[in-house]
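**Student:** Just to be clear, the model below is a prediction. Sequence and coordinates:
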Amino acid sequence: MADLVSQAKELLDSGAVQVIIGYAAGTNGTRRPHVARSAAQAACLVFDEGCVQNLASYLVKPEVKRFGKAAILARTATARAALQLMAERQIADGSVRILVEAGDSVAVLDSAEALEAHLALQAEGISAKDRELLERLRAMTHAERWAFWQKELARCVKCYACRNSCPMCYCERCTMDCNRPQWVPVPSHAVGNLEYHTVRAMHLAGRCVECGECGRACPVGIPVHLMTFHAEDSVRRQFGSEAGRTAKLDYALSTFKPDDKETFIR
Amino acid sequence: MNERFEPKITAFVCNWCTYAGADLTGTSRIKYASNVRIIRVPCTGRIDFMLILKAFERGSDGVIVSGCHPNDCHYTSGNYHARRRWMVFKEQLEFMGVDTDRITFSWVSAAEGAKWAELVNDVTAKIRALGPHEAFHALAGQGIN
């Protein structure tokens, strides 16, 4: 990625964008988010295999929007998130430059159409490891799955890192923060934890871009991303729509077809 | 004395079809199980999935969700939206290991008083056989982690 820094500097210097959301070297070879607002700040940008975090959640934050026009370094999941945010009218088409890997440099995608064309060539988002875990869980009996999730969710400390790291969880007032009525108890409690994670998955069904950021953000290592992956799978299988593939997507749960097929309503 | 387990069943029904249907059951003098607690909502589209979870949390052993048949919604499309939501919600609950046999979804029109009685009787018998919803109620009884 030799040309990244020079390309970034050019974008900032020419005034095409006012801020670049990307990655810089962190400690112990890790990569951390880095926001560059000047050519000097762009000097330490990196973009390699270690850059796994989905940065798209920054795109909808008012404090980042205030900087002006943004560019963002994007792997497939981030690009899908950006496209889904455009579909949900959270960022305007053309207001963000998406920088995707293209050989030794980055390609600049500046429209939903370009993003769609780019994403059409990308493979499925879920890693083989997560796919295997999902299949293993689905093969279990009800009781085993119940035991599995109870054991996992018992560790949940309700820090909401999964919600806050998610690019699609941008509501200014989340159901979880409502106290009239208080749907879900605030402290970590067995029922509340189950409810919270069910709500999160349901609110992301048909909107999850399968980046797995929630699972990476979890400080106690609960595979919370499997729940949203399952919800997204469920929508894809039953309604044939997929989040983050087109900017003209109707939210699966706010639309319907008169001939939706189910087998359980008597 | 050998007391029979009487399940608590919460029914979320829409105002325009199933509630009127249940009313018809009564005015037709059809007897049915008294285990059901009916909660009337404007439309099946109003039935947030959280209501179902809350019913279990507050002690229900079974839940019935019922509304107008497709194409009969008073608000044109509320039941279509609800159907999609249930299709995803049911799969999600199954993935979380929640016993979805305890939730019954149904369409009961205002003219189907007999169907309502049959539905309630069937569900009551089924939940009675399944026993109390221990797994969920045990959670509710737990303290703060």
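**Tutor:** On my side now, so go ahead.
**Student:** where does the stretch 1-150 of chain A have low pLDDT?
**Tutor:** Scanning the stretch 1-150 of chain A for pLDDT under 70 picks out A:1-2.
**Student:** Not counting its neighbours along the chain, what's nearest whichever residue of the stretch 101-250 of chain A sits closest to chain B?
**Tutor:** Nearest residue of the stretch 101-250 of chain A to chain B, counting by Cβ to the nearest Cβ: residue A:146, 3.0 Å away. Quick note: C-beta positions are derived from backbone N, CA and C, even for glycine. Counting by Cβ to Cβ, 6 or more residues apart in numbering or on different chains, residue A:146 lies nearest to residue B:97, which is 3.0 Å off, once chain neighbours are set aside.
**Student:** just checking, that neighbour touches residue A:149?
**Tutor:** Yes - in this structure residue B:97 lies within contact range of residue A:149 using Cβ atoms under 8 Å: 5.5 Å.
**Student:** which residues touch the residue of the stretch 101-250 of chain A closest to chain B?
**Tutor:** Counting by Cβ atoms under 8 Å, 6 or more residues apart in numbering or on different chains, residue A:146 touches B:96, B:97, B:98, B:99, B:135.
**Student:** Kindly provide the distance from it to residue A:191.
**Tutor:** For residue A:146, the distance to residue A:191 (Cβ to Cβ, to the nearest Å) stands at 13 Å.
**Student:** Likewise for residue B:131?
**Tutor:** Distance, residue B:131 to residue A:191, by Cβ to Cβ: 20 Å.
**Student:** From the contacts of residue A:146, which shows the smallest pLDDT?
**Tutor:** Lowest in pLDDT among those is residue B:135, which has 87.
**Student:** Does that residue lie in a helix or a strand, and which?
**Tutor:** Residue B:135 is part of helix B:134-141 when elements are defined by DSSP states H and E.
**Student:** Pull that helix out as CSV, backbone CA atoms only.
**Tutor:** The C-alpha coordinates for helix B:134-141 follow below in CSV (Å, rounded to 0.1, in the frame of the first residue of the first chain):
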residue,chain,number,x,y,z
GLU,B,134,-39.6,-23.4,34.1
ALA,B,135,-36.7,-22.4,32.0
PHE,B,136,-37.9,-18.9,31.5
HIS,B,137,-39.4,-18.4,34.9
ALA,B,138,-36.2,-19.5,36.6
LEU,B,139,-34.4,-16.7,34.8
ALA,B,140,-36.9,-14.2,36.0
GLY,B,141,-36.3,-15.4,39.6
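**Student:** how about that helix, does it get close to chain A?
**Tutor:** Yes - under the criterion of Cβ under 8 Å from any Cβ of the partner chain, chain A is reached by helix B:134-141 at B:135, B:136, B:139, B:140.
**Student:** so what does that helix touch, helix or strand wise?
**Tutor:** helix A:190-204, helix B:49-57 (3 or more Cβ pairs under 8 Å, 6 or more residues apart in numbering or on different chains; DSSP states H and E).
**Student:** The residue nearest to residue A:145 when sequence neighbours are not counted - how many residues pack around it?
**Tutor:** With Cβ to Cβ, 6+ apart as the measure, residue B:97 is the residue that lies nearest to residue A:145, at 3.4 Å, once sequence neighbours are left out. Residue B:97 sits with 21 neighbouring residues when counted by other Cβ atoms under 10 Å in any protein chain shown.
**Student:** again with residue B:98
**Tutor:** 24.
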